[in-house]
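K.L.:
next input, structure requested:
(3 chains, ligands or ions: 4)
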Amino acid sequence: MNVTATIERGAATAPVIPPKGEEKPRAKRPGGFLTSSNGKKAVMAVTGAVMVLFLVGHMLGNLKIFAGRDSFDEYALALRTLLEPIAPYRTLLTLVEIVLVVSVVLHMWAAISLSRRAAAARPVKYAARKKSQAKGYATHIMRFGGITIALFVVWHLLDLTFGVVNPKGFDSSPADRMIAGFDPSRWYVTLLYIVAVAMVGLHLRHGIWSAFQTLGVANRDRNRALRAVAGLGSAVLVIGFLAPPLAITFGVVQ
Amino acid sequence: MNLTLKVWRQSGPKDRGRMVTYRVEDVSPDMSFLEMLDVLNERLILEGDDPIAFDHDCREGICGMCGMVINGVAHGEQVATTTCQLHMRHFEDGATITIEPWRAAPFPVIKDLVVDRSSFDRIIQAGGFVSVPAGSAPDAHSVPVRKEDADAAFDAATCIGCGACVAACPNGSASLFTAAKITHLSLLPQGQPERLSRAKAMVDQMDAEGFGGCTNTGECTAVCPKGIPLDTIAQMNSDYLKANAK
Amino acid sequence: MNFVEGAEIRDTKAPAGPIEERWEKRKFGARLVNPANKRKLDVIVVGTGLAGGSAAATLGELGYNVKSFCYQDSPRRAHSIAAQGGINAAKNYRGDGDSIYRLFYDTVKGGDFRARESNVYRLAEVSVNIIDQAVAQGVPFAREYGGLLDTRSFGGAQVSRTFYARGQTGQQLLLGAYQALERQIAAGTVEMFTRHEMLDLIVSDGRARGVIVRDMVTGDIERHFADAVVLATGGYGNVFYLSTNAKGCNTTAIWRAHERGAYFANPCYTQIHPTCIPVSGDHQSKLTLMSESLRNDGRVWVPLRKNDSRAPGDIPDAERDYYLERIYPAFGNLVPRDIASRAAKNVCDEGRGVGPGGLGVYLDFRDAIGRLGRDAVEKKYGNLFEMYERITGENPYETPMRIYPAVHYTMGGLWVDYDLQSTVPGLFVIGEANFSDHGANRLGASALMQGLADGYFVLPTTIGDYLADGPFGDVDEEAVAAAEVAVRTKIDRLMSVNGTRTPDSFHRELGKLMWDYCGMDRTEESLRKALERIPELRQEFWENVKVTGVAEELNQTLEKAGRVADFFDLAELMCLDALVRSESCGGHFRAESQDSDGEALRDDENFAHVSAWEHSPDGTPVLHKEPLEYEYVKMSQRSYK
Ligand SMILES: Cc1cc2nc3c(=O)[nH]c(=O)nc-3n(C[C@H](O)[C@H](O)[C@H](O)COP(=O)(O)OP(=O)(O)OC[C@H]3O[C@@H](n4cnc5c(N)ncnc54)[C@H](O)[C@@H]3O)c2cc1C
Ligand code: HEM
Ligand code: SF4
Ligand code: FES
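P.N.:
Numbers count the residues shown, from 1 in each chain, chains lettered A, B, ... in the order given. Ligands and ions are numbered 1, 2, ... in the order given. All right, here's what the predicted structure looks like:
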């Protein structure tokens, strides 16, 4: 066997660890549940699940648009007047919103702190392009997908909840805003919406199963079923969320 | 066969390291990957160079000592195979092969392809055992174990502690390794008394060592030479959550 | 090589009386160490295999201060991890007539009457506790549907006494011991030194008091002191270069101890395993064992004609020689290891071997597949077939496997008494590193048993008797300095030769020489040749070896060179021992000593003894004989016809 060697300079760098005796003290015993990676994961799973439940409700509501403008508006009103007169207008909705905001914040907090932990654990990239050995790309775009979703949610609230960027403004009925929002002339909004919902779908296809796994519900026998639930669940959500805007943009609902 | 190898060379923990390219000729397809490196190393020695340092011992895929990232994949692309069990016949003549050490902060490079995996031992120290001093054991047949449980425990117990799971994980997580041990012991009656405290202690130690959190990407299982399944991680999570609920 | 004969040596520790009571008596007779004193006593354990791992953990549990060493990066990687088949124990869970006495009997007989009865009986006795201990630790042994432990019969035993964990029994048992060890490390009773290689023994005032080790990462030469030293450094099969042992297995630790006064017993007893994957070329770095269980269904054959180059499938049955079935009709393919190995060598020597270099025989599953169906065969042997295919690239469902014998285990080792103490007071030797229990041939699934018996149960008791006199005070600085200087000098010498050959090239040449001249069959002529060649090669080594790099960092070439240097010295003693023992027994086959059927012929009149070799400063070994007496098992000639 013949060998010739050439040196490529500066191809990559390695972590420089201090020599013996000067090493940084090994991390102390960790604090509580929430500082542990598994604790954060659990937070993520629970808040994720809350958001999924919300999405299911939201989707069912959206579908009311097919039953007509009035039906949709009634539903929107009902959300606000539910529990009246026991509690003031918008009590339940506000509660839900609080839970949601808390969930989103916690979810993002956990996501960010886990990402930072991951980055610290893997400071050096491989020189060879690393191929995914697990068959699944959805898993690798969770963070990216999450950020896309977050940006979208902001837009979405501005558009349909506060009406800031909606042609009909805030003083219109929810159905009006929705139908105006996805008017054929605003096809780009619909497109943005499709992309965002697809992202949610991908996030959830992995996320729902991942949550089962994180919460320790998954096991050898259940795995197939849980994967199916995740796949089906996210597909239903995607279709359910895309149906109204598409119907509006293509003029099926007016 | 003739090959081009791009190998990570780093003379010691403090060296910054670099990729070095070697052209090797007349490689026999019957060689194992490590034998190919042996032959290269003998040449390097004769030329007065420092041979490429890599860990290995049993060369039968069981001790867990060997391990390198070959073309971006821990232990190479051959599934369920350790580096020492990988043979050259799976490479094409003229191929370029990139060889790098496991990359993870809790696995600092000692030299070339050799990394320090003592963090794994410390995870086991935290609780990866059944506390039973020698001589105190009851008769082996005093507690029957369901065959299914014994088999599943065995499957989890086959982990060789190689660290490929960490090397492959985009988060640098040691969850598969830790979960394999937790699952092995929590499936057996003998492991029950310490089940929850074990899970808590081991997971906490994993964090303390600086491993990342798991996002269930499955990259670990895909490269694991022993095919340790992802549901061991669910088992670990379940035990860990229960331990914290108490 | 010359030698002189010294005084007879005897084991003085085994109590007299009925064999069933001896261990009980010894346990009772051994002095106990007061618990408060244990904390003041330091013990060094070198090696973390089944023997060393279990010993260090147990000594830690007992309250001693233990320092444990291994050359791998983790104690879990010791070579014991590779054991496949199983572990024997006289549990008699099957009710098939097994008993402690039967295991004792089988082991003495299997060892071809070259092991001590007292030791073997104790081994059989303790075997039952090992299984209890392992199960309690969570070792996932194979089980039956009723939840009880499964066993199989192994290596031709007539009872089913082998406990197993699929094909990974050694791994699972070692992980059990490793976990116990890690528990003690966490508890602070054991301090672990990984990537540390022992390079010398410190003997002060006639007692083993410590070791000199090299930190393999920094190159630092360190001294560690203790009140007793335990060596559990495994076997030396790698003297043959190619063997089924892990690449790092070496003789350094026991050889240096030998040079410091420990007698080396029966160095020539080597076990050669019949079913290994043959060598594929010069690049071959080690050999892989295929489980012996394959011989239960596979049929071994070679072509009738010499140099028959047809593909195996093209050779009709009439032109095949199923030689084991032909020569040993009663046992057929299931004859013991040494017999199967030698038979394979013989047919290959006749020029009828198959595969590269004609060094291989077929192990054919065609008939088994025909009889049981492919699925059944796959179920039984699937993972082995896979392993075979991975290594050779051939599919054993279609083409017969090729197998060839390979060095597997060394029965010889440092001489120890019933307490497992060597001839150096305070130096204990356990596991494969000692010579004690297997005589001239080890039965399948008995090495794991011995390692764990020594480590969990025997040593922790017997070492107490020695330590009861301790602590032994300060270590003589001169003795330490001498050992350290010896180590440094040797390293400097290796680093400074700067010749033109790699350590591996010398190791390969030495291995080939040993295999050819001191391998499966040995003759006076071959051994004399070896004894002539080894010193020449050793001299060339010291004049022409090339070690690159520096000694003050991780330097795998230096590690290898140091080990090869010791293998040379050991090889010489092995050949001498083989030459002096002009009988055949167990794994040691002297071609001059065979019966008319070509079977091994023992010479009990002249050789019913252990050969314990003492190192002398002038290089002339001194032979001490320990006579072997058989009170319980009557000496008889083995026959498998
Ligand atoms: C492939 C294979 C299959 C086998 N299958 C079986 C089987 O089925 N059943 C059975 O009973 N037996 C089997 N055996 C035999 C059995 O595995 C061994 O004999 C036994 O495990 C030896 O254990 P040990 O503890 O004595 O040594 P080892 O496990 O070899 O451990 C040696 C230890 O010493 C350390 N060491 C060595 N030298 C030094 C040094 N100089 N400095 C510091 N540390 C050192 C090493 O790091 C290691 O920790 C098999 C052997 C092989 C090779
Ligand atoms: C606000 C922006 C969001 C970000 C940054 C984000 C980010 C992440 C990340 C990084 C993960 C971990 C990936 C993994 O475990 O594999 C995750 C998991 C998850 N996300 Fe999100 N996400 C966001 C929004 C959402 C929304 C809106 C939902 C649901 C409607 C959701 C549901 C989930 C679920 C169920 C999981 C799985 C939790 C687990 O792994 O146990 N996420 N998210
Ligand atoms: S889980 Fe698999 S990849 Fe990870 S250490 Fe164990 S054997 Fe290696
Ligand atoms: S060298 Fe032991 S697993 Fe590869």
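K.L.:
tell me which residue in chain C sits closest to chain A.
P.N.:
C:Thr218 (6.9 Å; Cβ to the nearest Cβ). Every C-beta, even on glycine, is put in place using the N, C-alpha and C of the backbone.
K.L.:
can you classify that residue by secondary structure?
P.N.:
Three-state assignment for C:Thr218 (DSSP: H, G, I helix; E, B strand; the rest coil): coil.
K.L.:
could you measure from it over to C:Ala368?
P.N.:
54 Å (Cβ to Cβ, to the nearest Å).
K.L.:
measure the most centrally placed residue in chain A to A:Ala110 for me?
P.N.:
In chain A, the centroid-proximal residue (Cα atoms, centre = their mean) is A:Gly146; its distance is 4.8 Å. Here A:Gly146 is placed at a distance of 11 Å from A:Ala110 (Cβ to Cβ).
K.L.:
also C:Gly412?
P.N.:
The value you get for C:Gly412 to A:Ala110, if Cβ to Cβ is used, is 61 Å.
K.L.:
between these two, who's got more neighbours?
P.N.:
When C:Gly412 and A:Ala110 are compared for neighbours, C:Gly412 comes out ahead with 30 against 23, by other Cβ atoms under 10 Å in any protein chain shown.
K.L.:
my guess is that one contacts C:Tyr269, does it?
P.N.:
Yes - the criterion here is Cβ atoms under 8 Å, and C:Gly412 meets it with C:Tyr269 at 4.6 Å.
K.L.:
so what's residue 61 closest to, chain neighbours aside?
P.N.:
Going with chain A. The shortest distance from A:Gly61 to any residue other than its chain neighbours is 5.6 Å, reached at A:Tyr75 (Cβ to Cβ, 6 or more residues apart in numbering or on different chains).
K.L.:
hm, I was asking about chain C
P.N.:
Closest to C:Glu61 by Cβ to Cβ, 6+ apart is B:Pro133, at 4.4 Å.
K.L.:
dihedrals phi and psi, the one you found?
P.N.:
phi -60, psi 150 (degrees, to the nearest 10).
K.L.:
for it, give its distance to C:Tyr456.
P.N.:
10 Å.
K.L.:
same thing with C:Asp367?
P.N.:
43 Å.
K.L.:
next: A:Ser173.
P.N.:
Taking Cβ to Cβ, one finds A:Ser173 at 80 Å from C:Tyr456.
K.L.:
looking at the two, which one has more neighbours?
P.N.:
Comparing A:Ser173 with C:Tyr456 by other Cβ under 10 Å, the one with more neighbours is C:Tyr456, at 28 against 15.
K.L.:
residues near B:Gly14, how many?
P.N.:
To be clear, residue B:14 is Lys; Gly isn't right here. Using other Cβ under 10 Å: B:Lys14 sits among 12 other residues.
K.L.:
right, I mislabeled it, should have said B:Asp231
P.N.:
Neighbour number of B:Asp231 under other Cβ under 10 Å is 22.
K.L.:
surely it touches A:Arg227?
P.N.:
No - using Cβ under 8 Å, B:Asp231 is not in contact with A:Arg227, being 11.4 Å away.
K.L.:
OK, contacts around residue 100?
P.N.:
The chain I'm using is chain A. Neighbouring residues of A:Leu100 by Cβ atoms under 8 Å, 6 or more residues apart in numbering or on different chains: A:50-51, A:54.
K.L.:
sorry, should have said chain B
P.N.:
Contacts of B:Glu100 by Cβ under 8 Å, 6+ apart are A:126-128, B:8, B:68-69, B:113.
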